[in-house]
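>>> How does the following fold in three dimensions:
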Amino acid sequence: MERMAPSVLIVDDEKHTREGLQQALAETYDVSIAANAEEAFNLLDAQPYDVVLTDLRMPGKSGLKVIDKALALPHRPAVLMMTAYGSIDSAVEAMKRGAVDFLTKPVNIERLEVLIQRALKTRTLEVEVQQLHERLDEKFKIEGIIGASAPLKAVIDKMKLVAPSRATILIEGESGTGKELIAQAIHQASPRARAAFVAVHCAALSENLLESELFGHERGSFTGATERRIGRFESAAGGTLFLDEIGEISQSTQVKLLRFLETKAIERVGGSKPIELDVRLVAATNRNLEQMVRDGKFREDLFFRLNVVRLLMPPLRDRTDDIPLLLAHFIRVFSDENGVPPLTVEAGALRTLQAYAWPGNIRELRNFCENAVVLRRGGSLTEYDLEPKFRGEGEPVVVSGPGVAAANVAAATAAPASAGPSLSVEENEKRLLREALLKARGNRTHAAELMGVSRRTLHRKIAQWPELDVIDR
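Residues are numbered from 1 along each chain as shown. Alright, predicted model coming up:
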């Protein structure tokens, strides 16, 4: 498909000027012309333009009004101003209104084309940045956090109150509960949303590296410091700095962090000049900082500085009502990524997944969903597809083919001494039967083959243990 030429609107009350410019630019651009501001307004309302080139002095409304109109549109063009007077004051006023540059008359066509190309690049960059911000707003907006359970709702309600403030926030919770997602949502809901959100995972860096990463360093401050480096604090100026696993930082880094919270200034490693910064700090930890304070491993004064507003992320086991929503979301995400229809989670599988403790929290559930989509056996996810751990069982008994019943029973009964009291032969036989039925997805003939017994024997065993009868339903 042929790419459309950039569109340019020329506004000038001098007929020979606007038509001459139109003729000069017509080979490269899709050019429209207007004789005054009113005509320009009508054209701007009728279609979007990439660049507007307007004269300053015109009968009726001036070119400054054209600038105001153009830059108030949803599709903002880049605006260039031209004037026969070469007035510095006029050029300054045009730039204040939002013009990207100006030219004096008579217009030099080569310079005009250079300025148009520069203006188009500027406008493209602005559009890309705006689209990026819109995607971030959508992805990390508070309303986009998935879940409707009471524990999560309490966190969200508190987030909405504190996000617009300048307060330092401490997010506590187990690994995988979504602490960084919450920090990003706070940033996007704050007045700092158009500035940077900078995340640092403190446990991933050694003490020396972390200090340089956070505060930057001066050239020659240590071996290998061949040039000045800007740290994460300075990178987050005007925005939000997220310090994950704050409980892992050393005592010396704690002192520097406390200094920033007290003075709102940092010093680069090897430097002596304070650098004042406007940075909001959000910290997160999966450790008990209060206990660390009591143990002398974390500074009490820093803890109080960090703990201005405290958010406690609930573990997934306390948010079981949210599991169906999270499953549906992640399955849809990974299905879209892999170009396959979404899986349907059947009722039995859903009950089992809601009863599971999820020690890895949302991170574990997310990984489970990706695994389920990639290794799908059909269009639905059933209880038979779930690993034994989701059913509260240990490693599955090996069931691989007919004639292996004796070996499987032996494996099932050979519990190690440290595992507690051994199961009875009857209990192990019942467990083996359950594993075979699950592996056979409820097909009794196949289950009998796996166990190496006849179908009649299998039916007799199921009659002996009626609770297993539901496995083939």
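>>> Enumerate every residue touching Gly247.
Residues in contact with Gly247 (Cβ atoms under 8 Å, 6 or more residues apart in numbering) are Thr285, Asn286, Arg287, Leu289, Met292, Phe298. For the C-beta atoms, the positions are set from N, CA and C on the backbone; glycine is no exception.
>>> Neighbours of the residue lying closest to it once chain neighbours are set aside, how many?
Using Cβ to Cβ, 6 or more residues apart in numbering and skipping residues adjacent in sequence, the residue nearest Gly247 is Arg287, 3.8 Å away. Counted with other Cβ atoms under 10 Å, residues neighbouring Arg287 total 14.
>>> before we move on, the earlier item: quick check on the contacts of Gly247: which are buried?
Applying 16 or more other Cβ atoms under 10 Å to these, the neighbour count classes Thr285, Asn286, Leu289, Met292, Phe298 as buried.
>>> which ones among those residues are found in helices?
Among the buried ones among the contacts of Gly247, the members falling in helices (DSSP state H) are Leu289, Met292.
>>> give me phi/psi at Thr223?
Geometry field for Thr223 lists phi and psi as phi -60, psi 130, criterion degrees, to the nearest 10.
>>> no, scratch that, I was asking about Val31
Dihedral angles phi and psi of Val31 (degrees, to the nearest 10) take the values phi -100, psi 130.
>>> now swap in Phe102 and tell me
As for Phe102, its main-chain torsions (degrees, to the nearest 10) stand at phi -140, psi 160.
>>> was I right about it contacting Val79?
No. If you go by Cβ atoms under 8 Å, Phe102 and Val79 don't touch, sitting 9.7 Å apart.
>>> The two: which is more packed in?
For Phe102 against Val79, the residue with the higher neighbour count under other Cβ under 10 Å is Val79, and the figures read 29 against 21.
>>> buried sites along whatever helix or strand Ala349 lives in?
Under DSSP states H and E, the secondary-structure element containing Ala349 is helix 347-355. Within helix 347-355, the residues scored as buried using 16+ other Cβ under 10 Å are Gly348, Ala349, Thr352, Leu353, Gln354.
>>> and the third one, how far is that from Leu115?
When you say that, I think you mean Thr352. Distance, Thr352 to Leu115, by Cβ to Cβ, to the nearest Å: 66 Å.
>>> burial measure for Glu449, as a count.
The number of residues packed near Glu449 is 19, by other Cβ under 10 Å.
>>> That one: what secondary structure?
In three-state terms, and counting by DSSP: H, G, I helix; E, B strand; the rest coil, Glu449 is helix.
>>> show me what contacts the nearest residue to Thr445 once chain neighbours are set aside?
Spatial nearest neighbour of Thr445, excluding adjacent residues (Cβ to Cβ, 6+ apart): Arg455 at 5.8 Å. When contacts are counted by Cβ under 8 Å, 6+ apart, Arg455 is found next to Arg444, Thr445, Ala448.
>>> Show the model's pLDDT score for Arg455.
According to the prediction, Arg455 has pLDDT 77.
>>> again, but for Ala407
Reading off the confidence values, Ala407 has pLDDT 38.
>>> Equivalent analysis for Gly239, please.
93.
>>> Can you report phi and psi for Val309?
According to degrees, to the nearest 10, Val309 has phi -130, psi 130.
>>> so it sits right up against Val162, yeah?
Yes. Applying Cβ under 8 Å, one finds Val309 in contact with Val162, separated by 4.8 Å.
>>> Identify the contacts common to these two.
Going by Cβ under 8 Å, 6+ apart, residues that sit against Val309 and also against Val162 are Ile169.
>>> ok, Val309 - how many residues close by?
Number of residues near Val309 (other Cβ under 10 Å) recorded here: 17.
>>> Just want the phi and psi numbers for Ala26.
Recorded main-chain torsions at Ala26 are phi -60, psi -30, according to degrees, to the nearest 10.
>>> Hmm, I typed the wrong one, I wanted Lys297.
Backbone dihedrals for Lys297, given as degrees, to the nearest 10, come out at phi -100, psi -10.
>>> now the one 10 residues further on
In this entry, Asn307 is assigned phi and psi values of phi -90, psi 40 (degrees, to the nearest 10).
>>> Over to Thr122?
phi -60, psi -40.
>>> and it, how many neighbours?
By other Cβ under 10 Å, the residues close to Thr122 number 13.
>>> cool, Arg317 as well?
By other Cβ under 10 Å, the residues close to Arg317 number 15.
>>> Please list all residues in contact with Ile116.
For Ile116, the contacting residues are Pro6, Val8, Leu25, Tyr29, Val51, Leu53, Leu80, taking Cβ under 8 Å, 6+ apart as the criterion.
>>> Mind checking which of the residues you listed land in helices?
Checking those against DSSP H, those in helices are Leu25.
>>> just the strands in the stretch 351-473 of the chain please.
380-381 (DSSP state E, counting those that start in this stretch).
>>> What lies in contact with stretch 213-226?
Counting by Cβ under 8 Å, 6+ apart, stretch 213-226 makes contact with 200, 205, 208, 212, 227-234, 253, 256-257, 266-271, all of which sit outside it.
>>> List buried residues within these.
Among the contacts of stretch 213-226, those that count as buried by neighbour count (16+ other Cβ under 10 Å) are 200, 205, 212, 229, 231-234, 253, 256-257, 266-271.
>>> Mind checking which of these are in strands?
Counted as lying in strands by DSSP state E, out of these, are Val200, Ile266.
>>> quick one: the helices in the stretch 201-350 of the chain?
207-215, 232-235, 251-263, 289-294, 300-306, 323-338, 347-355 (DSSP state H, counting those that start in this stretch).
>>> Farthest-apart pair in the contacts of Gly247, please.
When Cβ to Cβ is used, the two most widely separated members of the contacts of Gly247 are Asn286 and Phe298, lying 13.7 Å apart.
>>> starting at the chain centroid, how far to stretch 305-314?
Its chain's C-alpha centre lies 21 Å from the corresponding centre of stretch 305-314 when counted by Cα atoms, centre = their mean, to the nearest Å.
>>> quick one: buried residues of it?
Residues of stretch 305-314 classed as buried: Arg305, Leu306, Val309, Leu311, Met313, Pro314 (neighbour count, 16+ other Cβ under 10 Å).
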